[in-house]
Structures are given as C-alpha cells and as structure tokens.
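Asks: Give me a model of this one.
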Amino acid sequence: MPFPAPRKDVGKYADWRTLDAAVAPFVRDEIRRSWAVASHVLSGKSIVKLSLHTGDLATACDRWSEVHARVEALIRDATTLAKRDEEAKRKLEKVRTLTSKEKTTIAGQARYDVLASQSTRGRNADRRCSALRRSVMIESDCWAK
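Replies: Prediction:
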C-alpha cells in the first residue's frame, strides 16, 4: 500500500502489504523504529505488518515514510535473492536430467578409468576381471535410470 493504513479494530495506523510467495521467505530482518522501544522482526511471512503506534494521520505519515523505505529496500533485495534462487533451481534441474547418450559416455569413461588404474598398478588378471565387473555394474545402473 502506498500510504499508512488505518486499523479499525484499534484506531491506529499501520504499514502492511502482501508479498509474493516466492519473495516472502527472503524478507527476514529487524526493522528499527525511532518511536518504538522494541524493533520489529520480519520473519519471512507473506504479509508484512508494522504498527505505526499512533492514531494521528500526520504522525502516521511521518513514521510510515521512515519504515516504508526500509521495507521497500528489504523487498527489493529479497526479490533479487528469489530470482537467484529460481535460477539456481533451474540449473540444478538441468544437471539432473542426463540423456542416455551422456549416461553411456560417463559409464564408458568410468570403465576406462577403472581399467587404466588397475593396469598401471600391475594387478593380476583376477583383479582386472573384478574391475570389469564393477564397470559393467556402473553401466547397467546408468542404463536403468
């Protein structure tokens, strides 16, 4: 809201607004108010409510302008964080979805790496067969997914 909102139940004014569900979890901070003893803690809820502790409209407008700027800055920062979080989730989803060709390539590379490490160590033939069996299991796991 672009102005102090009157609260009919107590006869005082407040600054309140509803936040977007994606942005709300990132709005977490402590708002210090010069006229109040205690500061107000924003805890990531979808509605931000700050009491202005007055029933006088002129005083409420002065207090509202003080807290409104702080809350707007928090919401601007939270919007940026929400966008970054969404982008990170999209990147993570892209990493999780491998094609069957990519899975085959990874399994083949793992098989090659296992065999190469076994042959450079001079292991006997039984251990090489064991490595081959492990690489086949890796390949079959990749193909099963």
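Asks: tell me the centre residue of this protein?
Replies: residue 85 (4.1 Å; C-alpha atoms, centre = their mean).
Asks: so what secondary structure elements neighbour the helix or strand where it lies?
Replies: Counting by DSSP states H and E, the element that carries residue 85 is helix 57-96. Using 3 or more C-beta pairs under 8 Å, 6 or more residues apart in numbering; DSSP states H and E, the elements in contact with helix 57-96 are strand 12-18, strand 28-31, strand 47-51. For the C-beta atoms, the positions are set from N, CA and C on the backbone; glycine is no exception.
Asks: Can you give me the buried ones in it?
Replies: Of the residues in helix 57-96, 60, 63-64, 67-68, 70-71, 74-75, 78-79, 82 count as buried by neighbour count, 16 or more other C-beta atoms under 10 Å.
Asks: Out of the helices and strands packed on helix 57-96, which is closest to residue 105?
Replies: Comparing the helices and strands packed on helix 57-96 by their distance to residue 105 (C-beta to C-beta), the top pick is strand 28-31, with 43.2 Å.
Asks: still on that earlier bit, with the buried residues of helix 57-96 in mind, which one is nearest to residue 26?
Replies: residue 78 (3.6 Å).
Asks: Now that closest one: closest residue in space, sequence neighbours ignored.
Replies: Leaving aside its sequence neighbours, residue 78 sits nearest to residue 26 (C-beta to C-beta, 6 or more residues apart in numbering; 3.6 Å).
Asks: hang on, that neighbour packs against residue 81?
Replies: Yes: with contact defined as C-beta atoms under 8 Å, residue 26 reaches residue 81; the gap is 4.4 Å.
Asks: got the contact list for the residue nearest to residue 78?
Replies: Shown in contact with residue 26 (C-beta atoms under 8 Å, 6 or more residues apart in numbering): 44, 77-79, 81-82, 85.
Asks: Dump those to TSV, plus distance to residue 11 and pLDDT.
Replies: Converted to TSV, those look like this (distance: C-beta to C-beta, whole Å; pLDDT from 0 to 100):
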residue	distance to residue 11	pLDDT
44	29	87
77	33	92
78	31	92
79	33	92
81	37	91
82	36	91
85	40	89
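Asks: so can I have CSV of the residues you listed showing distance to residue 103?
Replies: As requested, the contacts of residue 26 are exported to CSV (distance: C-beta to C-beta, whole Å):
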residue, distance to residue 103
44, 39
77, 40
78, 38
79, 38
81, 34
82, 33
85, 28
